[in-house]
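Student: just the structure for this:
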Amino acid sequence: QVQLIESGGGLVQAGGSLRLSCAASGRTFSRYYMAWFRQAPGKEREFVAAITWSGDNTDYADSVKGRFTVSRDNAKNAVYLQMNSLKPEDTAVYSCAARPCTLGWCGRNTYSYDYWGQGTQVTVSS
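Tutor: Prediction:
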């Protein structure tokens, strides 16, 4: 069982930066593939970024590639999302998710993830 708690959301102007954190409970956190998803009002939840258990491989949606960076610290049971050059279209509730997977890529489908945080709001003003 893994519990996830996000933090770091807020209001920022376009072009600004935010760093989201996801704190995880559980003794086997290092064996989990971790991902960030977001959901804007009236839209479906979409994949943002993911990272393997070792941190060696990452995956990004085209819309955030080059602007967002996902990382993790297994010693702290935490995963992060550094968001730079934010745009108004990045406004959404951001959630972290986990699935027990040690492959080099474990997918982007929301239904593949077993554990979810409650989400943190990110609002980017123009």
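Student: make it CA atoms for all contacts and neighbour counts henceforth
Tutor: Fine.
Student: for residue 24, which non-adjacent residue is spatially closest?
Tutor: residue 4 (4.7 Å; C-alpha to C-alpha, 6 or more residues apart in numbering).
Student: go on, residue 95?
Tutor: Residue 95 sits nearest to residue 119 (C-alpha to C-alpha, 6+ apart), 4.2 Å away.
Student: the residue nearest the centre of the chain pairs with what?
Tutor: The centroid of the chain falls nearest to residue 36 when counting by C-alpha atoms, centre = their mean (2.2 Å). Listed beta-bridge partners, residue 36: residue 49, residue 96 (assigned using DSSP bridges).
Student: contact partners for it?
Tutor: Contact analysis of residue 36 by C-alpha atoms under 8 Å, 6 or more residues apart in numbering lists 47-50, 81, 94-97.
Student: ok, back up a step: what is the burial count for the residue nearest to residue 95?
Tutor: 22 (other C-alpha atoms under 10 Å).
Student: roughly how far does it sit from residue 93?
Tutor: Remark: distance between residue 119 and residue 93 (C-alpha to C-alpha, to the nearest Å) = 6 Å.
Student: so who does the residue nearest to residue 95 touch?
Tutor: Residue 119 neighbours (C-alpha under 8 Å, 6+ apart): 5-6, 93-96.
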